[in-house]
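In: Compute the structure for the input listed below.
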Amino acid sequence: MRATTEIELEPLKSNMLWLKECGIASSFEELDKTVARLLVAARNDGYAQGYAKCSHQVVNALKVDWDTSKSATHGVNTDAALAAVKTKFNNLQLPVMDLINVALQSEDHVAQLKEIFPDGEDEDEDLA
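Out: As a prediction, this is how the structure comes out:
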């Protein structure tokens, strides 16, 4: 389960890196906080599922009662917490994304995207 969670996080990490490289995320405190909450919720859910699986295997293998009440995630619905944070992330509104969506609908979307994200080399040429 933890591996699945980590796989789901990879595209988010890549997207966040791209946003930072384009200078988009630097001023989006809400985005940073939402991504941080998503990472924590995914990690907690992965740990909880791993602990539950391990506990189940111990009970089956050793034929003993395993007290899970001492686990940090006992009684916490980490799956629901992760789902809630994912929903918040997926519904997060960023004004720049509206600009990108409009640009992608135009006939010359490359030119419009270059206006939104100017290349540093083009700016150097303009200054010469």
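In: Might you list the low-confidence residue ranges for the protein?
Out: 1-2, 18-28, 119-128 (pLDDT under 70).
In: Just the helices from it, written as ranges.
Out: 2-21, 29-62, 78-90, 95-105, 109-116, 120-127 (DSSP state H).
In: Give the other helices and strands that the first one contacts.
Out: Under the contact definition 3 or more C-beta pairs under 8 Å, 6 or more residues apart in numbering; DSSP states H and E, helix 2-21 sits against helix 29-62. Every residue, glycine included, has its C-beta placed from N, CA and C.
In: Which of the helices of the chain sits closest to residue 71?
Out: helix 29-62 (5.3 Å; C-beta to C-beta).
In: Can you name every helix or strand that that closest one contacts?
Out: Short answer (3+ C-beta pairs under 8 Å, 6+ apart): helix 29-62 packs on helix 2-21, helix 78-90.
In: How is the chain partitioned into domains?
Out: 2-92, 93-128 (automatic domain parsing).
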